[in-house]
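Q: coords below, sequence missing:
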């Protein structure tokens, strides 16, 4: 990895692992449930920074943006189609695949934008920034470890399990903040315990959708990347 790539990766890590979570949690404490839309927009803007910094106005960059837009649309559609099955959604799987095949920054952007767009259908609220961060980080980390996940489907499925657990644990932070006005360890443990059945559904759906989508969707993205030099 060259010096320029290392600098870009460090900036991305600071933005996505430090700044964006601070925006979500800090925004909640500053504005409570009233300013969630501004916090969501701020996270969306920050999510775009690394992606467009590397955007060089080449034809391949434009085509990569089109593929990413398609995956966001597919994620939103998948969430809508499976809305009748609570917590059983293909969003996490699609976001993970976006990170693996298009890069870490694209994975975060796919996750955060999928939430922001789909919540215009399912309802915006204080949960939106937290969902954007959770799904964004899932896509970002998938992009960092893309090589091993491409090579070993078992690693990919294990990551799907961990992603379901992480998403539930992260959203339980909002639950405690919302109910208590601050973070309380005992109430957080209670929230985690009570949400175990939901977490199990997250984990199961991630495994199913990753197993079903990884070959057809992964091969399609790889074919497009090869054909158009993305």
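A: Noted; the coordinates are in hand. In this text, all values refer to a predicted model and were calculated from it rather than measured experimentally.
Q: point out where the protein drops to low pLDDT.
A: Segments of the chain classed as low confidence (criterion: pLDDT under 70) are 1-5, 32-35, 51-61, 180-181, 230.
Q: the residue of the chain positioned farthest from its centre: which element?
A: Of all residues in the chain, the one whose C-alpha sits farthest from the chain's mean C-alpha position, using CA atoms, centre = their mean, is residue 186 at 27.6 Å. When secondary structure is defined using DSSP states H and E, the element that contains residue 186 is helix 185-194.
Q: name the helices or strands packed onto that helix?
A: helix 153-180 (3 or more CB pairs under 8 Å, 6 or more residues apart in numbering; DSSP states H and E). Using the backbone N, CA and C atoms, a C-beta is placed for each residue, glycine as well.
Q: buried sites along the very next helix or strand once past the helix holding residue 186?
A: The first helix or strand that comes after helix 185-194 along the chain, using DSSP H and E, is helix 196-228. Taking 16 or more other CB atoms under 10 Å as the basis for neighbour counts, the residues of helix 196-228 that come out buried are 198-199, 201-203, 205-207, 209-210, 213-214, 217-218, 221, 224-225.
Q: got the buried residues for the helix holding residue 186?
A: The neighbour-count check on helix 185-194 (16+ other CB under 10 Å) flags 187, 188, 191, 192 as buried.
Q: residues contacting the third one?
A: For residue 191, the contacting residues are 172, 175, 176, by CB atoms under 8 Å, 6 or more residues apart in numbering.
Q: ok, it to residue 92 distance?
A: In this view, residue 191 and residue 92 are 20 Å apart by CB to CB, to the nearest Å.
Q: so the closest residue to residue 167 other than its chain neighbours, which of the three states?
A: For residue 167, the nearest residue in space outside its immediate sequence neighbours is residue 134; the separation is 4.9 Å by CB to CB, 6 or more residues apart in numbering. Assigned by DSSP: H, G, I helix; E, B strand; the rest coil, the conformation of residue 134 is helix.
Q: how deep is residue 134 tucked in, by neighbour count?
A: Residue neighbour count, defined by other CB atoms under 10 Å, stands at 26 for residue 134.
Q: and residue 43, by the same measure?
A: By the other CB under 10 Å criterion, the neighbourhood of residue 43 contains 27 residues.
Q: that one against residue 21, yeah?
A: No: taking contact to mean CB atoms under 8 Å, the distance of 9.5 Å between residue 43 and residue 21 leaves them out of contact.
Q: now do the shared contacts for the two.
A: With contacts taken as CB under 8 Å, 6+ apart, residue 43 and residue 21 have residue 133 as neighbours in common.
Q: on that earlier part again, which single one of the buried residues of helix 185-194 is nearest to residue 163?
A: Distances from residue 163 to the buried residues of helix 185-194, taken as CB to CB, are shortest for residue 192 (16.1 Å).
Q: was I right to think that closest one contacts residue 170?
A: No: taking CB under 8 Å as the contact criterion, residue 192 and residue 170 are not neighbours in contact, 10.8 Å apart.
Q: need the contact partners of stretch 171-188.
A: Among residues not part of stretch 171-188, those counted as contacts by CB under 8 Å, 6+ apart are 25, 28, 29, 33, 126, 127, 130, 131, 134, 191, 192, 195.
Q: now tabulate these in CSV and tack on distance to residue 6.
A: Shown next, in CSV, are the contacts of stretch 171-188 (distance: CB to CB, whole Å):
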residue, distance to residue 6
25, 28
28, 33
29, 34
33, 40
126, 36
127, 35
130, 30
131, 30
134, 27
191, 39
192, 36
195, 38
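Q: pull out the buried members of those residues.
A: Looking at those with 16+ other CB under 10 Å, the buried ones turn out to be 25, 28, 126, 127, 130, 131, 134, 191, 192, 195.
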